[in-house]
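Participant: Any chance you could fold what I've pasted below:
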Amino acid sequence: MEACLSDIKLQYLWDLVGSWSRRSHCQAREVEELTEYLQFVSQVIPHSCAFICSLYDFCSTFPSPFSLHKIPWTVCQDIEWWCKFAGEWNGVHFILPERNIIHVYTDASGTKGLGGIIGSEWFSARTPWQYRTRHIQVKEMYAVIYAILCWGNPSMINMSSSTLIMTQSTKP
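Facilitator: Numbers count the residues shown, from 1 in each chain. The predicted structure follows:
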């Protein structure tokens, strides 16, 4: 079964991100409205949650809902992604029958280290020195990669936003 946006919702999405691609400044409440709609449509546009994170970060910089800020480059890049790929990727998300899911949880800290847990197994490691001054999202991704190297079989891994889901294959 295939899930996709209706033509009306897809047109609204294009109009919305198209208008944002021409803007240079905005208010917090406007960013919140955009983020809410993108979060809604990300349910049927695979991997699109990754292109909302900069909007959340940007929204947290506003002192009040009505203050005006310049839209940062990272947000412009994410909006550009939505303009280019939202229509092409609409409806490619299939609703699959249930399958066995193994949950892997990872986390990283500012300078101390990273860790992960799967069932009763866990790992912890120091953050490599070359990553200690990097953005926390880089460190979080490093923790996910570390978990994949510890427990993963590349053919069994699906990644969604900040959650890593390892699925057991039903094929022998």
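
Participant: pLDDT weak spots in this protein?
Facilitator: For the chain, the stretches with pLDDT under 70 are 1-2, 91-99, 153-172.

Participant: go again using 50 as the cut-off
Facilitator: Under the criterion pLDDT under 50, the flagged ranges of the chain are 93, 159-172.

Participant: OK, contacts around Gln137?
Facilitator: By CB atoms under 8 Å, 6 or more residues apart in numbering, the contact list for Gln137 reads Cys53. Using the backbone N, CA and C atoms, a C-beta is placed for each residue, glycine as well.

Participant: quick one: Leu13 from Ser42, how far?
Facilitator: Relative to Ser42, Leu13 is positioned 11 Å away (CB to CB, to the nearest Å).

Participant: Domain-wise, how is the chain divided?
Facilitator: Annotated domains of the chain cover 2-93, 101-167 [automatic domain parsing].

Participant: wait, Thr127 sits on Tyr142?
Facilitator: Yes: Thr127 lies in contact with Tyr142 (CB atoms under 8 Å); the separation is 7.4 Å.

Participant: Quick check: neighbours shared by those two?
Facilitator: Counting by CB under 8 Å, 6+ apart, the shared contacts of Thr127 and Tyr142 are Ala108, Leu114.

Participant: give me every residue that touches Pro63.
Facilitator: With CB under 8 Å, 6+ apart, Pro63 has no contacts at all.

Participant: Is it correct that it falls within a strand?
Facilitator: No: the assignment for Pro63 (DSSP: H, G, I helix; E, B strand; the rest coil) gives coil, which keeps it out of a strand.

Participant: and the gap between it and Ala28?
Facilitator: Distance from Pro63 to Ala28, counting by CB to CB: 9 Å.

Participant: May I have the strands that pair with the top strand by length along the chain, each with its orientation?
Facilitator: When the chain is parsed with DSSP state E, its longest strand is strand 101-108. Applying DSSP bridges to the sheet, strand 101-108 is found paired with strand 113-118 (antiparallel), strand 163-167 (antiparallel).

Participant: which outside residues touch the first one?
Facilitator: Applying CB under 8 Å, 6+ apart, the contact partners of strand 113-118 are 102-108, 122-127, 139, 142-143, 146-147, 150-151, 166.

Participant: Let's see the PyMOL selection covering just the buried ones among those.
Facilitator: PyMOL command restricting those to the buried ones, with burial defined by 16 or more other CB atoms under 10 Å:
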select buried, resi 104+106+108+123+127+139+142+143+146+147+151+166
